[in-house]
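Undergrad: Generate coordinates for the sequence data below:
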Amino acid sequence: MAGNAELSTSAADEVVALTSDLIRIDTTNSGDDRGPGERAAAEHVASLLAGAGLEPVILEPRPGRASVITRVAGADPSRPALLIHGHLDVVPADPGDWRVHPLSGEVSGGCVWGRGAVDMKNMDAMVITVIRQRLREERPPARDVVLAFVADEEAGSDLGARWLVDAHPELFDGVTEAIGEVGGFSTTVAGQRLYLIQTAEKGLAWLRLTARGTAGHGSMIHRDNAVTALAGTVARIGGHKWRALLTPTVRAFLTEVCDVLGIEAVPENWDEAMRRLGPTAKMTAATLTNTANPTMLTAGYKVNVVPQTAVAHVDGRFVPGHEEEFFAELDELLGPAVSRETEHYEPAVETTFDGDLCAAMSAALLAHDPAARIAPYCVSAATDAKSFSCLGIRCFGFAPLRLPAGLDFASMFHGVDERVPVESLRFGVRVLDQFLSCC
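TA: Alright, predicted model coming up:
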């Protein structure tokens, strides 16, 4: 236990500095190659891992779009390996909107501030810190661990996890389970801390809708107007009410929340449970249904010209097991002059909340927060779990953070003034260390 005592001091301090360091490395991903790429961050991570005695490899499908992979030998190499993955890229941020510069990594008010503080350089730093400390203390993880710090998650993973899975599947030989982002954090419900472990995520379909009509002069009557046809379709999609579709994960989550609230876990109470869940409902309410949100519109080139085509983009997300229903229902909302094509697709994933790995995650959390409760949940967004699940890997979201009750954590993802409490990082380091001892 002496190692854990040392971890609580040196590693707990190191994680704060490393989170700041990673935030200061610009890895903005705008969805193309205009940004700086992930190479500088990958080199920094690789140097830290090599300094701990590991042999990291940097791989790039394109110059600058770099990922780092390495394997840590475990105490029992006969067991299947565990993958721990995190992404290095972040979404853009406008400094004019922030209280501090989003690439400052400033530590103030008890928090580390900056783009990536939550999504997800905090987890990258926690994992690197814990692994380095354990190797210094000659405390291997319970089994082999593959570490992957990848590029391009924020733009669909084609140059990161997806590329690694397709081009280098051998790097994940023997891996059966994985942990990554958007899980393991706490939310406070009726005074009770509830830790949410992600066991499912909705599928993704980024759609391009095209309306075609007859071009002509803007002063004339036009019954065949592409803009009008598209606008009607977009309005129908945006105003559509999708029916509730409860997967096993969502049902288990709602049952746990209702139990905490002291109300019966029946459909009539789902809305009340979400309402009383507070800010975390932003992340969970959308997992009860399929969704489709119009996000972009393009049409015309001059005010007095009726264009021949008009284009809209829709962000569609479907509940695990209900993909066909999503597309069929969406097609009913399209007008006769509107066609659709899928520009980017990722499947929904879901696994059960059981087995030794789930027990290890739960035990690690409860060891450092004994009064807590734990529940599985589904995330409405997409993570690299979609790519790694293609290899048959069972994926979970587990980036443990004990959060203050008043923090609107859900708004930190891609939000302004993104920040993570220092004490939450230190808590996460302790939990991950415990987890690696029994995973």
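Undergrad: Thr284 and Ala200, how far apart?
TA: Per C-beta to C-beta, to the nearest Å, Thr284 is found 11 Å from Ala200. For the C-beta atoms, the positions are set from N, CA and C on the backbone; glycine is no exception.
Undergrad: Mind listing the shared neighbours of those two?
TA: Jointly contacting Thr284 and Ala200 under the rule C-beta atoms under 8 Å, 6 or more residues apart in numbering are Tyr377, Cys378.
Undergrad: more neighbours, those two?
TA: Ala200 (28 against 22; other C-beta atoms under 10 Å).
Undergrad: wait, isn't the more buried one in contact with Pro347?
TA: No: in terms of C-beta atoms under 8 Å, Ala200 does not count as a neighbour of Pro347; the distance is 11.5 Å.
Undergrad: low-confidence ranges in this protein?
TA: Counting by pLDDT under 70, the chain has low-confidence residues at 1-9.
Undergrad: per the record, what domains does it have?
TA: According to automatic domain parsing, the chain comprises the domains 2-186+350-438, 204-237+293-347.
Undergrad: who wins for proximity to Ala265 among those?
TA: domain 2-186+350-438 (11.9 Å; C-beta to C-beta).
Undergrad: who does the residue nearest to Lys202 when sequence neighbours are not counted bridge with?
TA: By the measure of C-beta to C-beta, 6 or more residues apart in numbering, the closest residue to Lys202 outside its immediate chain neighbours is Arg317, 4.4 Å from it. For Arg317, the residues forming beta bridges with it (DSSP bridges) are Leu204, Thr291.
Undergrad: Let me know how buried Arg317 is, in neighbour terms.
TA: So Arg317, with other C-beta under 10 Å, has 23 neighbours.
Undergrad: State the distance from the residue nearest the centre of the chain to Ile69.
TA: Residue closest to the average C-alpha location in the chain (C-alpha atoms, centre = their mean): Thr383, at 4.3 Å. As defined by C-beta to C-beta, Thr383 lies at a distance of 18 Å from Ile69.
Undergrad: Can I get stretch 66-79 as CSV, trimmed to CA atoms?
TA: What follows is stretch 66-79, C-alpha atoms only, in CSV (Å, rounded to 0.1, in the frame of the first residue of the first chain):
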residue,chain,number,x,y,z
ALA,A,66,-0.7,11.2,-35.4
SER,A,67,-1.8,8.5,-32.9
VAL,A,68,0.3,6.9,-30.2
ILE,A,69,0.1,3.2,-29.3
THR,A,70,2.0,1.1,-26.7
ARG,A,71,1.5,-2.0,-24.6
VAL,A,72,2.1,-2.3,-20.9
ALA,A,73,2.9,-5.8,-19.6
GLY,A,74,0.5,-7.0,-16.9
ALA,A,75,1.0,-9.2,-13.9
ASP,A,76,-0.9,-12.0,-15.6
PRO,A,77,-0.1,-12.1,-19.3
SER,A,78,-2.2,-15.1,-19.9
ARG,A,79,-5.4,-13.1,-19.4
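Undergrad: Show me which residues of that stretch are buried.
TA: Across stretch 66-79, burial judged by 16 or more other C-beta atoms under 10 Å covers Ala66, Ser67, Val68, Ile69, Thr70, Arg71, Val72, Gly74.
Undergrad: just checking, the last one touches Leu135?
TA: The one in question is Gly74. No: Gly74 is beyond contact range of Leu135, at 11.8 Å (criterion: C-beta under 8 Å).
Undergrad: Output the buried residues of stretch 66-79 as JSON lines; include the columns secondary structure and distance to Glu38.
TA: Written out in JSON lines, the entries for the buried residues of stretch 66-79 read as follows (DSSP: H, G, I helix; E, B strand; the rest coil; distance: C-beta to C-beta, whole Å):
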{"residue": "Ala66", "secondary structure": "coil", "distance to Glu38": "5"}
{"residue": "Ser67", "secondary structure": "strand", "distance to Glu38": "7"}
{"residue": "Val68", "secondary structure": "strand", "distance to Glu38": "9"}
{"residue": "Ile69", "secondary structure": "strand", "distance to Glu38": "13"}
{"residue": "Thr70", "secondary structure": "strand", "distance to Glu38": "16"}
{"residue": "Arg71", "secondary structure": "strand", "distance to Glu38": "20"}
{"residue": "Val72", "secondary structure": "strand", "distance to Glu38": "21"}
{"residue": "Gly74", "secondary structure": "coil", "distance to Glu38": "27"}
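Undergrad: Make JSON lines out of those and add distance to Gly109.
TA: Output for those, formatted as JSON lines (distance: C-beta to C-beta, whole Å):
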{"residue": "Ala66", "distance to Gly109": "33"}
{"residue": "Ser67", "distance to Gly109": "33"}
{"residue": "Val68", "distance to Gly109": "31"}
{"residue": "Ile69", "distance to Gly109": "36"}
{"residue": "Thr70", "distance to Gly109": "35"}
{"residue": "Arg71", "distance to Gly109": "39"}
{"residue": "Val72", "distance to Gly109": "35"}
{"residue": "Gly74", "distance to Gly109": "39"}
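Undergrad: For the residue lying farthest from the centre of the chain, list the residues it contacts.
TA: Largest separation from the mean C-alpha position in the chain: Met220, at 49.4 Å (C-alpha atoms, centre = their mean). With contacts defined as C-beta under 8 Å, 6+ apart, Met220 is in contact with no residue.
Undergrad: I'd guess it is in a helix, am I close?
TA: No: when the secondary structure is assigned by DSSP: H, G, I helix; E, B strand; the rest coil, Met220 falls in coil instead of a helix.
Undergrad: My understanding was that Asp433 contacts Ile131; is that so?
TA: No: with the criterion set as C-beta under 8 Å, Asp433 and Ile131 do not qualify as a contacting pair; they are 9.6 Å apart.
Undergrad: where exactly do the helices run in the protein?
TA: Across the chain, reading from the start of the chain, the helices by DSSP state H fall at 2-6, 12-24, 39-51, 121-136, 161-167, 226-239, 248-261, 270-277, 281-284, 323-333, 356-368, 385-388, 422-438.
Undergrad: The third one to helix 12-24, inter-axis angle?
TA: Yep, that's helix 39-51 we're talking about. Between the axes of helix 39-51 and helix 12-24, defined by axes from the mean of the first three to the mean of the last three C-alpha atoms, to 10 degrees, the angle is 150 degrees.
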